[in-house]
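J.: Got a sequence here, can you model it:
(one chain, ligands or ions: 1)
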Amino acid sequence: MSPKRRQTDKPQPLEGLLGREPKLRQRMAQQLLSFGLVLANSLMLGYAVLLARTPLGWWLLWVGLALTVQLGISLAVRLGWTARLPDPSLASTQIGLMLLLGAAAYPLSGPLRGLVVPMMMLTLAFGMFAPSGRAMLRLNALGLALILSAMAFDFWVWPGRGQPAETVGHALFAMVCFPGLGLLLLRMARLRERQREQRQALNEALTRINRLATRDDLTGLYNRRHGKHVLQQALQRQKRKPTGLLAVLLDLDHFKKINDTKGHAAGDAVLRCFAKALHQSLRKGDTAVRWGGEEFVVVLEPTASEGLLAWVARLKLAIERQPLVTERPELRFTFSGGAAFWRPGETLEQWLERADAALYRAKAEGRDRVIEAS
Ligand SMILES: Nc1nc2c(ncn2[C@@H]2O[C@H](COP(=O)(O)OP(=O)(O)OP(=O)(O)O)[C@@H](O)[C@H]2O)c(=O)[nH]1
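T.: Okay, here's the model as predicted:
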């Protein structure tokens with residue numbers, strides 16, 4: 001089991017509340033933050049409503065609606081209902097509804113109504129979680145339109161309640177601060193987007209580098225260096241729990257002739273074709289390595305039901321079925337092999353030397369055969 005796997009198997013803090021999957025946990029952490037904001041706003045509005053002698057029923061209605069929005073969205077996110085949506089944390093919907101409630105708080109807050117503008121700006125700060133910079137700007141414009149409408153409504157319903165200059169001051173404050181906050185958040189969204197792109201490019205580069213370091217360019221099989229490492233690992237596993245491991249050294253017959261008579265490109269095509277057949281003939285857990293030139297190493301974990309001969313037959317059949325062989329019969333080729341079971345105590349080099357000696361015998365005895373080392 002890999003260390004990464006073991007780490008995710010560990011119980012996570014607050015797993016029941018936040019979930020297990022990292023992205024879900026991140027979304028739920030956002031929800032907790034927003035829940036705190038709803039509670040703080042409710043308390044602040046309660047104080048403002050008491051001072052203004054606004055009927056308490058309005059405050060209760062406001063708190064009821066705010067908690068319904070908050071709990072409803074948190075529940076939908078936690079249960080994974082939103083996971084497939086373009087905005088899985090429902091940030092835009094939640095911010096939009098909270099802005100509406102924020103604006104509704106303005107006429108309820110009497111002398112403290114000026115506090116509603118920074119309260120709404122705090123809600124807008126959550127716009128950094130909106131799916132795009134454009135969505136965030138739309139929310140900003142919506143917030144400004146709502147608060148200005150709430151101010152106009154307040155002034156129209158209770159014209160004598162506050163100084164007109166005070167309301168104009170609030171409006172000017174909102175008109176400066178909302179777009180300012182929007183621009184700042186937009187800048188942040190762009191930086192995050194660039195960071196995301198750079199991370200993706202880095203991951204792609206790492207995958208490419210990893211492939212270049214471990215794979216053979218022509219055939220796509222493991223290269224010799226990485227193949228050796230994989231073979232050593234297989235040996236270590238055998239030392240702990242010997243289940244039987246068979247190495248087969250394979251070499252194409254008279255490959256030089258193909259190169260000399262049909263050209264180097266045809267030789268390359270034959271190597272690719274052989275690698276593909278090899279790949280098709282192997283089972284999960286078996287390893288194929290381009291050892292060099294036209295030489296390959298295969299490590300098989302033989303089962304009771306299938307031995308070396310059965311695998312060789314399958315490889316030959318796979319070669320016969322390759323389009324290169326069916327379409328260009330003049331490129332038909334054979335291979336020779338030397339096979340050796342690993343013996344306890346043997347090093348990789350000793351093991352492969354025995355396979356090599358068996359391959360030498362296969363060549364000497366007329367090629368197109370696989371011989372098992374004694
Ligand atoms: N086209 C191509 N040829 C390669 C590549 N790597 C090695 N070779 C050629 O493989 C040939 C190997 O030839 P030899 O070692 O003489 O072996 P052979 O002709 O297969 O003869 P036997 O092994 O004795 O059956 C050489 O001509 C190399 O140039 C490659 O990547 N592409």
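J.: those helices in the stretch 101-250 of the chain, which residues are they?
T.: 116-125, 133-157, 164-214, 224-240 (DSSP state H, counting those that start in this stretch).
J.: JSON lines for these, including distance to Leu17, mean neighbour count and mean pLDDT?
T.: (C-beta placed from N, C-alpha, C; glycine too.) Listed next are the helices of the stretch 101-250 of the chain as JSON lines, based on distance: least, CB to CB, whole Å; neighbours: other CB atoms under 10 Å; pLDDT from 0 to 100:
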{"stretch": "helix 116-125", "distance to Leu17": "23", "mean neighbour count": "21", "mean pLDDT": "93"}
{"stretch": "helix 133-157", "distance to Leu17": "27", "mean neighbour count": "18", "mean pLDDT": "92"}
{"stretch": "helix 164-214", "distance to Leu17": "26", "mean neighbour count": "13", "mean pLDDT": "93"}
{"stretch": "helix 224-240", "distance to Leu17": "41", "mean neighbour count": "14", "mean pLDDT": "94"}
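J.: Reformat those as a markdown table; add distance to Gly57.
T.: Formatted as a markdown table, the helices of the stretch 101-250 of the chain follow (distance: least, CB to CB, whole Å):
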| stretch | distance to Gly57 |
| --- | --- |
| helix 116-125 | 19 |
| helix 133-157 | 17 |
| helix 164-214 | 25 |
| helix 224-240 | 72 |
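J.: Pipe those into CSV and attach distance to the ligand per row.
T.: Below are these laid out as CSV (distance: least, CB to the nearest ligand atom, whole Å):
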stretch, distance to the ligand
helix 116-125, 60
helix 133-157, 51
helix 164-214, 16
helix 224-240, 12
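J.: Out of those helices, which gets nearest to Glu295?
T.: When those are compared by CB to CB, helix 224-240 sits nearest Glu295, at 9.4 Å.
J.: contact partners of that closest one?
T.: Helix 224-240 has contacts (CB atoms under 8 Å, 6 or more residues apart in numbering) with 213-215, 221-222, 245, 247, 287, 289-292, 297, 299, 342, 344, 348, 351.
J.: now that helix and helix 164-214, what's the angle there?
T.: 80 degrees (axes from the mean of the first three to the mean of the last three CA atoms, to 10 degrees).
J.: With just CA atoms, put stretch 355-370 into PDB.
T.: Extracted in PDB, the C-alpha atoms of stretch 355-370 (Å, rounded to 0.1, in the frame of the first residue of the first chain):
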ATOM      1  CA  ALA A 355      18.800 -16.500 -19.300                       C
ATOM      2  CA  ASP A 356      21.500 -15.100 -21.700                       C
ATOM      3  CA  ALA A 357      23.300 -18.400 -21.800                       C
ATOM      4  CA  ALA A 358      20.000 -20.100 -22.700                       C
ATOM      5  CA  LEU A 359      19.400 -17.500 -25.400                       C
ATOM      6  CA  TYR A 360      22.800 -18.200 -26.800                       C
ATOM      7  CA  ARG A 361      21.900 -21.900 -27.000                       C
ATOM      8  CA  ALA A 362      18.600 -21.000 -28.700                       C
ATOM      9  CA  LYS A 363      20.500 -19.000 -31.400                       C
ATOM     10  CA  ALA A 364      23.100 -21.800 -31.800                       C
ATOM     11  CA  GLU A 365      20.400 -24.500 -32.200                       C
ATOM     12  CA  GLY A 366      18.800 -22.700 -35.200                       C
ATOM     13  CA  ARG A 367      16.800 -19.700 -33.700                       C
ATOM     14  CA  ASP A 368      13.000 -19.300 -33.700                       C
ATOM     15  CA  ARG A 369      12.800 -21.000 -30.300                       C
ATOM     16  CA  VAL A 370      12.800 -20.400 -26.600                       C
END
